[in-house]
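J.: My questions concern the predicted model and sequence given below.
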Amino acid sequence: MALQEKKNKQPIYVIILLILAAEAVFILPFVLQRIFKTTFLESFSITNVQLGSCFSIYGTVALFSYLFGGPLADKFRPHVLMSVALFLTAVGGLYLATYPTLFNLHVLYGFWGFTTIFLFWAAMIKATRIWGGSNKQGIAFGFLDGGRGLVAAIFGSVGVLIFSLFITKDIELTSIEERRDAFKHVITYTSFAVMVIAALVFFFLRFKIEEPVHKHKDKFLTLDNFKTVMKYKSVWLLMIIILCAYHGYKMTDIFSQYAEEVMLYNKIEAAKIGTYLLYMRPVIGVVIGLLADRTRASLWIVIGFILMAFTSLIFASGIISDNSVVLFILSIGTMALGVYSARVLYFATLEEAKIPLAITGTAVGFISIVGYTPDIFAGLLYGYFLDAYKGLETGHQIAFGIMAGFAILGCIASFMLYKHTKKIVT
C-alpha cells in the first residue's frame, strides 16, 4: 500500500497550477465585483438587484452545467477541460471591459455559467482529489481553497494598485467616467492574466494517474452512475451543507459595501477590506486542512457553521457601526474563519464518506445542482434588501439575519454528516 501511494504521488507543481486555475476562472465573474462592489455598480449603471439578476442567470446556466459537466469530467482529462474554460472566460472578460448593456451583461454571465462550471468545476474537484490520494484529502482541499484565497488576494491587490494608478487625484474628487476608465484597465489586465494561466494549465497540468475505471466510464451520461451516487446518504447531506456554506460565502460579497455604507470608508479603503479578507484564506485553508487530516473534515465543518451563525447574528443585531471599528474587524475576521473553514472541506468529505473516485465527477455534479443554487437567489435576495434600504444599516441587518438561518441549518446537516461518516469509519 505504501509503495502504491508513493507511486501515485503527484508533483507539487500540479497543485500550484490547480490553485492558480481554480481561482483565476472566477476572478472576472465574481472577485472583481466583490472587491470593487460600488465601483462595479456605478460603472455599469446598475443596482444591487440588477447585479443579482446577472448572478441568477449565471446560476441557472450553472444548474444544468453541474448536471452534465460532472459526467464530462469522468471522461476527459482535466487539463483540456480546464484550459479551454479559462481561455473562454478570459475572452468574456475582454468583452466585459467594453461595458455592455444590462441585457448583454446577462448574456455574458450566462456564458460564464457555462465556461466556469460545465467545462471546469467537476474537472477541478476531481483533479484535486486525485492529487490528494487516499489520506491527504484535507490538505489537498486546504491547499486548493487556501491557495485560491492567496491568488484572489494577489489579483485583488494588483487590481486595487492598477485602479489607484489610473486615479490621478483624491478618489472622492473623481468623476464616474474617470473611475470607469480606471476600472476598465483592471478588467483588461485581469483578462490577459487569465489567458496566460490557461496556457500554463494546458501545457503543464499533468498527472501520474492510476485511476479506477468505472464500468460506465466510456459513456458520457448514464443513469446507472447517478443511481449509484444517490445511494449515498452523505451525498444528500452534502447538498444541504454546500447550499448553506456557499450562501455564507456569497455574503462576503457585501463586506466591502458594508464598509463603505455603514463604516463610512471611502471606495479604495472599502476595496482593501475585501482584499485583506482574501489573505486569510491561505492561512485558514492550510491550517484547517492539516487539522482535518488528523481528525475529521466533517467536524471542522460543524465548527465553521457555529462561527458563521454567531457572527452573522452579531451583524444582524445592528451593534456594529462606524463607532465600533474593532468589533467590525473582529466580526468579519471570525465570520471569514467560519466561512472559509466550511468551504475548504466540504468536498474533502467525499473520501471520508467512501464515495468511489471513478464517479467523483458525477457525484460533484449531482451535489452541486442544489449546493450552488445560491448563485441563483442569493444576489437577488440580499440585493433586494440593500436597495430597499439603500445606504442604511437595516438592509445589511436583514441580509445577515437570513444568513444566520442558513448557518444554523448547515450546522445541523454537518453534524448529521459527522455522525454518519463516523459509523462508516468505525
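T.: Nice, I can see it. Predicted model only: the values in this text are computed from it and were never measured.

J.: where does the stretch 101-250 of the chain dip in pLDDT?
T.: For the stretch 101-250 of the chain, the stretches with pLDDT under 70 are 134, 207-223.

J.: So K422 versus S234, what's the distance?
T.: Separation of K422 from S234 (Cβ to Cβ, to the nearest Å): 11 Å. All C-beta spots, glycine's among them, are computed from the backbone N, C-alpha and C.

J.: I'd say V283 and G146 touch.
T.: Yes - under the criterion of Cβ atoms under 8 Å, V283 makes contact with G146 at 6.9 Å.

J.: When these two are compared, which one has more neighbours?
T.: Neighbour comparison, V283 and G146: the larger count goes to G146, with 24 against 14 (by other Cβ atoms under 10 Å).

J.: what comes up buried for the one helix or strand the more buried one maps to?
T.: Taking DSSP states H and E as the definition, G146 sits inside helix 137-165. In terms of neighbour count (16 or more other Cβ atoms under 10 Å), helix 137-165 has its buried residues at 137-153, 155-157, 159-160, 162-163.

J.: And stretch 345-363, by the same measure?
T.: Buried residues in stretch 345-363 (16+ other Cβ under 10 Å): 345-353, 355, 357-363.

J.: Now do it, average pLDDT.
T.: The average pLDDT for stretch 345-363 rounds to 82.

J.: Where does A378 sit: helix, strand or coil?
T.: helix (DSSP: H, G, I helix; E, B strand; the rest coil).

J.: doesn't G248 make contact with it?
T.: No - applying Cβ under 8 Å, one finds A378 not in contact with G248, separated by 9.6 Å.

J.: Name the residue in the two with the higher neighbour count.
T.: Comparing A378 with G248 by other Cβ under 10 Å, the one with more neighbours is G248, at 29 against 25.

J.: what about that one, which helix or strand?
T.: With DSSP H and E as the test, G248 turns up in helix 233-251.

J.: hmm, back to that, K422 and S234: which is more packed in?
T.: S234 (22 against 13).

J.: I figured the more buried one hits H420, correct?
T.: Yes - the criterion here is Cβ under 8 Å, and S234 meets it with H420 at 6.1 Å.

J.: tell me, what's touching those two both at once?
T.: A353 (Cβ atoms under 8 Å, 6 or more residues apart in numbering).

J.: Need the phi and psi values for P356.
T.: Main-chain dihedrals, P356, degrees, to the nearest 10: phi -60, psi 140.

J.: Ignore what I typed, I meant I319.
T.: Dihedral angles (degrees, to the nearest 10) for I319: phi -80, psi -10.

J.: nearest residue to it other than its sequence neighbours?
T.: L327 (7.2 Å; Cβ to Cβ, 6 or more residues apart in numbering).

J.: repeat for S317
T.: Using Cβ to Cβ, 6+ apart and skipping the chain neighbours, the partner closest in space to S317 is Q397 (7.5 Å).

J.: likewise Q257?
T.: Nearest residue to Q257 in three dimensions, chain neighbours excluded: K37, at 4.7 Å (Cβ to Cβ, 6+ apart).

J.: State the distance from the one you found to S256.
T.: 5 Å.

J.: do you know how far the residue nearest to Q257 is from Y265?
T.: From K37 to Y265 the distance is 12 Å (Cβ to Cβ).

J.: Show me the helices in the stretch 301-426 of the chain, by range?
T.: 325-345, 349-352, 360-371, 374-388, 393-425 (DSSP state H, counting those that start in this stretch).

J.: got JSON lines for the ones you listed, with distance to V194 too?
T.: Listed next are the helices of the stretch 301-426 of the chain as JSON lines, based on distance: least, Cβ to Cβ, whole Å:
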{"stretch": "helix 325-345", "distance to V194": "22"}
{"stretch": "helix 349-352", "distance to V194": "28"}
{"stretch": "helix 360-371", "distance to V194": "22"}
{"stretch": "helix 374-388", "distance to V194": "20"}
{"stretch": "helix 393-425", "distance to V194": "30"}
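
J.: re the thing from before, how about the helix holding G248, which residues are buried there?
T.: So, applying 16+ other Cβ under 10 Å, buried residues of helix 233-251: 234-251.

J.: R129 is in contact with A140, isn't it?
T.: Yes - between R129 and A140 there is a contact at 7.0 Å, judged by Cβ under 8 Å.

J.: Tell me who's in contact with Y276.
T.: Taking Cβ under 8 Å, 6+ apart as the test, what Y276 contacts is A153.

J.: what about it, which SS state?
T.: Relying on three-state DSSP, one would call Y276 helix.

J.: Need the per-residue pLDDT for it.
T.: Predicted confidence (pLDDT) for Y276: 79.

J.: swap in L327?
T.: So L327 comes in at 92 (pLDDT).

J.: That one: how many residues sit nearby?
T.: Neighbour tally, L327, other Cβ under 10 Å: 13.

J.: same question, I125
T.: I125, neighbours per other Cβ under 10 Å, totals 25.

J.: hmm, back to that, looking at the helices of the stretch 301-426 of the chain, which is nearest to A73?
T.: Smallest distance to A73 across those (Cβ to Cβ): 3.4 Å, for helix 360-371.

J.: for that closest one, packing partners?
T.: Judged by 3 or more Cβ pairs under 8 Å, 6 or more residues apart in numbering; DSSP states H and E, helix 360-371 is in contact with helix 48-73, helix 122-132, helix 223-230, helix 233-251, helix 349-352.

J.: mind checking which of those is nearest V25?
T.: In terms of Cβ to Cβ, the element of these nearest to V25 is helix 122-132, at 8.1 Å.

J.: what sits up against that closest one?
T.: 10, 14-15, 18, 21-22, 66, 69-70, 72-74, 76, 78, 81-82, 137-141, 144, 205, 207, 209, 211, 347-348, 350-351, 357, 360-361, 364-365, 368.
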